[in-house]
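J.: sequence? don't have it. structure:
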């Protein structure tokens, strides 16, 4: 990194860092954390002066601020090989049929670039026995049509956004859907509660596993057969750094992409508990609670992650609500948008507002019924969108929870 990458060469000179570290502890205590905002503004400074063959990748921009990262072809192939080995643990082989319930944005690009992308995607899907279904369209008729296509295609695996798979599973339960060929449903990109995982398994009739990854690093962690979330330490070094709100920031170092090394990169994800290093095997990550902007805060300094609100809806409003989205304003007040399962079956919105207010220390809550909750441009669904990204400075450790 310091030999070929301008940004790290500058950091090493400014801080007087050694050219080699004797231990991981020396590395993590010496190298500063790289913030996403800095990378976004200076991505060219992180490209090696002698890059391997590769190409630039654009992050999904689900938070509205995408960035560009470079990945060498060999690093990309290694990540794919890791992914195929991961699927083998769940009975899905490399050329078995797979359904992607995913965003379709790249194929909508106009002009020659769009035609090239569509042609490449079509050929790759044919070669890999893969069928794509759009995650942007998740109405009842859309899901029924998707289930018909899945039944005809007879896939071995489904790869999907968490909420898209959840809605598909709800419709599958109504339809009495069965697909004996299905061996695993791999959900990613959004936090998933136990209720979401259980519903997907019941509706689609196969094990549901969670995979954690991103454009910057590829495959980071995934559910092992023992249901622990194992970090791919052959590809990344993962740290969990304690935050003032008692959660932990996820900080990553890539180990296989010298063309664009990211050292101690704060990706913006948050987990509940520190990483666990067992006596043998890869380290264990408990969960990913979401992004900093996906956490709820109270004036007293308490921090709540989306699964708390998930559980409230699951226990009391599941029969009414198809999807929900919580918007927390800078003054801590909340607007709750809800999309109904049935327009004729409406919950008591005042009671719902009271239940939500109790969860956030009696902050004001408004509930609004909407025809449709908009997803991000990437096709993702964010349960919580908060304008507050840090706990109040007056919060004490006793108040945090």
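T.: Ah, there it is. This structure is a prediction, so every number in the text was calculated from the model and none was measured. Numbering: from 1, shown residues only.

J.: does residue 27 really touch residue 19, like I thought?
T.: No: in this structure residue 27 lies outside contact range of residue 19 using Cβ atoms under 8 Å: 12.0 Å. (Glycine included, C-beta is placed from N, CA and C.)

J.: Comparing the two, which residue is more hemmed in?
T.: Neighbour count, other Cβ atoms under 10 Å: between residue 27 and residue 19, residue 27 has more, with 17 against 7.

J.: Name the SS class of residue 112, please.
T.: Secondary structure assignment for residue 112 (DSSP: H, G, I helix; E, B strand; the rest coil): helix.

J.: Next one: residue 188 relative to residue 314, how far apart?
T.: Distance from residue 188 to residue 314, counting by Cβ to Cβ, to the nearest Å: 21 Å.

J.: of those two, who's got more company?
T.: For the pair residue 188 and residue 314, the greater number of neighbours falls to residue 188 (20 against 17), based on other Cβ under 10 Å.

J.: So what does that one look like in phi/psi?
T.: Main-chain torsions, residue 188, degrees, to the nearest 10: phi -160, psi 170.

J.: That one and residue 213: what is the separation?
T.: Residue 188 sits 6 Å away from residue 213, taking Cβ to Cβ as the criterion.

J.: Show me where the stretch 301-401 of the chain has its helices.
T.: 306-316, 349-359 (DSSP state H, counting those that start in this stretch).

J.: between those helices, which gets nearest to residue 287?
T.: helix 306-316 (8.3 Å; Cβ to Cβ).

J.: and the closest one with helix 349-359, angle?
T.: Computed with axes from the mean of the first three to the mean of the last three Cα atoms, to 10 degrees, the direction of helix 306-316 lies at 140 degrees from that of helix 349-359.

J.: tell me the average confidence for helix 306-316?
T.: Averaging pLDDT along helix 306-316 yields 74.

J.: Centre of the chain to it, how far?
T.: If you compare the mean C-alpha spot of helix 306-316 with that of the full chain, they lie 19 Å apart, counting by Cα atoms, centre = their mean, to the nearest Å.

J.: Does anything pack onto it? Which helices or strands?
T.: Other elements packing on helix 306-316 under the criterion 3 or more Cβ pairs under 8 Å, 6 or more residues apart in numbering; DSSP states H and E are helix 194-204, strand 296-297, strand 321-328, helix 349-359.

J.: give me the low-pLDDT residue ranges for the stretch 101-250 of the chain?
T.: 104-110 (pLDDT under 70).

J.: Do a quick rundown of the strands in it.
T.: Along the stretch 101-250 of the chain, the stretches classed as strands by DSSP state E, counting those that start in this stretch are 130-134, 157-161, 184-188, 208-214, 218-223, 229-231, 236-242, 248-254.

J.: and among the ones you listed, the most buried is which?
T.: Across the strands of the stretch 101-250 of the chain, the average number of neighbours (mean count of other Cβ atoms under 10 Å) peaks for strand 157-161, which reaches a mean of 25.
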